[in-house]
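Chemist: everything below, folded, please.
(chains A and B)
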Amino acid sequence: MAREILKRIGTAALTVFAVATLTFFLTRAVPGNPFLSEKNPPQAVLDALNEKYGLDQPLYVQYVKYLGNLLRGDLGVSVKLQKDYPVARIIGEMFPVSAAIGFFALLWAVLLGVPLGCLAAYRRGRGTDSALQVVCTLGVSLPSFVVASLLLFAFCGGIAGWKLFPTLFQAGDWRSYVLPCFSLGFYPMCYIARQSRASMLDALGQDYIKTARAKGLRTGRILFKHALRNALLPVLTYLGPQVAFTLCGGFVVETVFTIPGLGRYFVQSISSRDYPVILGTTLFLASFLVGMNLLVDLLYQAVDPRIRLGREAA
Amino acid sequence: MRLQQTPAPPPEGRPLLEVRDLRVSFFTPAGEVRAVRGITYQVDYGEVVGIVGESGSGKSVEAYAIMGLLQPPGRVVGGAVTFEGEDVLAFSPRALTTFRGGRAAMIFQNPMTSLNPVYSVGEQLMEALRAHQKAASRREAAQRAAGMLERVGIHNPERRMRQYPHELSGGMRQRVMIAMGLICHPKLLIADEPTTALDVTIQAQILELMKDLQRQTGMGILFITHNLGVVAELCHKVCVMYAGKLVEQGAVDDIFYRPGHPYTEGLLRSMPRLDDQERRRLIPIQGTPVDLLDPPAGCPFAPRCPHAMEVCLGRMPPYVELGPGHRSACWLRVREGLSTSPAGGEEASHG
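Modeler: This next block holds a predicted model:
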């Protein structure tokens, strides 16, 4: 067991290394340069800047240097967005903002999505089920910028002068979190509801549910003890990576609600070719993802005793 | 085997289970599928009754109806099920949960999928007990569960209880299912093809076990199978089901030595026998069962019957009493009965 986990961690490290390499070369393959803008600086200035950040050296030298720094835990400094500010500190400051919103977004998504899915499965083909299906299909089809913009319009003064929530994000003010959390969690909630409905339907059709009914168990126990635990695996599979993505911030939601989060910053760093920031944030997300997948694998075992780490890896 | 229980003395005059003119239909988009079309029989205290029929004859559906386990689009559309004098079909959902697993238990065809893979064997056994005896503590329940496992021939029950279903063999799992069914001492056990999915040697062991348990506890068993050999082994009484109807019923000897219906004869001829010295070929029954979406007006077996007459296709034959407790629904018997025995028996007109 411990050996298996070590093995997984080794594979995870390899994955992160591959991501680092790919990202490094891909960002350099994109035309442009951090120091170019509409008003091109004189060549002498450009040369000086390139030299200062080591961008004048051959690519492979830069790559090896970058990896070397990475091994020491040094992600470098921003060359453009916040000049000379360490990337690690940028992530350290912005991640908590995104993570707080992402956490509550996923929390309500799971706490509502799973029971709604169960309810829809239990009442399949009836009114409740159909209504939920409509809402959830809408939820997974509507782009988040539509949801976020509509909410912003409706509750921040657009309709009938309701100004229930602030338009500008204020860290620490709970009212600033309501709409972003709602819009960020809406898609996962609908997705989870659909997913749990499908897997609950599958579980409810199994023979062991018939056995549970024949034993004289009440409906609640059959649903939540016997069916749900079997239906949880697909939901877990979805949630693992989703936790990483959501906690690292949604670009659209952070842009619409002007939240100084990691998701928005990540996209900004790409458009301004801030190489170290791109690499740093990408690697952060990648490690988080890989870690979540590992955690999900471990949780599988807790949910389903038939699954043992290493058996399929062997 | 410890625990030699004496069977409860059967109360006079009342059968354990009485099924009267039971009808079950499935309401599918294509129309109403009449899976069970009016069947009548009874199971007495301590009696083992076999229901024999091929796939799709309605035998399992009928059992589900008795247990209140039918799921939409299936529904009981007529008739009555009486258990110890109580109308099962009128039970509230609450009453059904105490009935199921408490007074009547059911075990299923496929032990590989009938246990929940994510809970330990012990947990599932104890749950069956505690669903009905709320007062039982966890320790008591564990003791009872272990005792029950031992009784169904599982050694080292404490260890087995900690294991999960996938760690047990098929035969072992069916033993667990039986233990689970019997843990609350039901008066009736419905066994829906409990040996079909098992190896032949394991089949024999499970049948032997059920026979022993039946003798010890004195419970009634309703044994659903397509295997006549199993019936001969275990049952006192046999009901032969075809296309949602009981075409013949009687004591096991009547059915095997004096079959009164061409379908029963066909079943017997298509069954291999070890004691057959002449090495006869097995004779399959020609044709396929009728479409229950649009059942024929006459005898459902008539299209496949070698003795079919014109009347068979047009009208469902009444039951003819061939002997004590032995009756069959066949126009041949009606003809014979009318000509040879004036005391032909009650005519329950069905269909």
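Chemist: stretch B:314-328: which residues count as buried?
Modeler: Across stretch B:314-328, burial judged by 16 or more other Cβ atoms under 10 Å in any protein chain shown covers B:316-322, B:326-328. Heads up, the C-betas are built off the backbone N, CA and C, glycines and all.
Chemist: okay if I get those as CSV plus secondary structure, distance to chain A and pLDDT?
Modeler: As requested, these are exported to CSV (DSSP: H, G, I helix; E, B strand; the rest coil; distance: Cβ to the nearest Cβ, whole Å; pLDDT from 0 to 100):
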residue, secondary structure, distance to chain A, pLDDT
B:316, coil, 32, 89
B:317, coil, 35, 90
B:318, coil, 35, 89
B:319, coil, 32, 90
B:320, strand, 36, 90
B:321, strand, 35, 89
B:322, strand, 35, 90
B:326, strand, 32, 92
B:327, strand, 31, 91
B:328, strand, 32, 92
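Chemist: determine the longest helix present in the chain.
Modeler: By default, I'm working from chain A. Counting residues, the longest helix in chain A under DSSP state H turns out to be helix A:87-122.
Chemist: you looked at the wrong chain, it should be chain B
Modeler: Chain B, longest helix under DSSP H: helix B:200-217.
Chemist: now it: average pLDDT?
Modeler: Averaging pLDDT along helix B:200-217 yields 90.
Chemist: any idea of the mean pLDDT in stretch A:12-24?
Modeler: pLDDT averaged over stretch A:12-24 gives 93.
Chemist: and the closest residue to residue A:196 other than its chain neighbours, what does it touch?
Modeler: Once flanking residues are discounted, residue A:196 sits nearest to residue A:117: 2.8 Å by Cβ to Cβ, 6 or more residues apart in numbering or on different chains. Shown in contact with residue A:117 (Cβ atoms under 8 Å, 6 or more residues apart in numbering or on different chains): A:192-198, A:200.
Chemist: distance of residue A:117 from residue B:197?
Modeler: Going from residue A:117 to residue B:197 by Cβ to Cβ, to the nearest Å gives 32 Å.
Chemist: one more: residue A:301?
Modeler: Separation of residue A:301 from residue B:197 (Cβ to Cβ): 28 Å.
Chemist: of these two, which one has the most company?
Modeler: More neighbours surround residue B:197 than the other of residue A:301 and residue B:197, with 19 against 13 (other Cβ atoms under 10 Å in any protein chain shown).
Chemist: residue ranges with poor pLDDT in chain B?
Modeler: Scanning chain B for pLDDT under 70 picks out B:1-12, B:276-277, B:279, B:337-351.
Chemist: where do the helices sit along it?
Modeler: B:59-67, B:93-99, B:111-114, B:121-130, B:138-151, B:157-162, B:170-182, B:200-217, B:228-234, B:252-257, B:262-269, B:310-314, B:331-340.
Chemist: what's the burial count for residue A:93?
Modeler: Neighbour count of residue A:93, defined by other Cβ under 10 Å: 14.
Chemist: check residue B:93 too.
Modeler: 9.
Chemist: report pLDDT for residue A:254.
Modeler: Value for residue A:254, per-residue pLDDT: 89.
Chemist: just residue A:44 next, same as before
Modeler: For residue A:44, pLDDT reads 85.
Chemist: which SSE is it in?
Modeler: Using DSSP states H and E, residue A:44 falls within helix A:43-52.
Chemist: what does residue A:66 give?
Modeler: Using DSSP H and E, residue A:66 sits in helix A:59-71.
Chemist: close to chain B: what parts of chain A are there?
Modeler: A:206-208, A:210-219, A:221, A:226, A:229-230, A:303-306 (Cβ under 8 Å from any Cβ of the partner chain).
Chemist: change it to 7 Å
Modeler: A:206-208, A:210-211, A:213-218, A:226, A:229-230, A:303-306 (Cβ under 7 Å from any Cβ of the partner chain).
Chemist: just those residues: which are in helices?
Modeler: Per DSSP H, these map to helices at A:207-208, A:210-211, A:213-214, A:229-230, A:303.
Chemist: show the buried residues in the residues you listed.
Modeler: Buried residues within these, defined by neighbour count using 16+ other Cβ under 10 Å: A:207-208, A:210-211, A:213-214, A:229-230.
Chemist: what's the farthest-apart pair in these?
Modeler: Maximum pairwise distance among these (Cβ to Cβ): 18.9 Å, between A:214 and A:229.
Chemist: run a quick neighbour tally on the residue in chain B that chain A sits nearest to.
Modeler: Nearest residue of chain B to chain A, counting by Cβ to the nearest Cβ: residue B:101, 3.4 Å away. By other Cβ under 10 Å, 27 other residues sit near residue B:101.
Chemist: thinking again about what came up before, identify each buried residue in the helix holding residue A:44, please.
Modeler: A:46, A:49-50.
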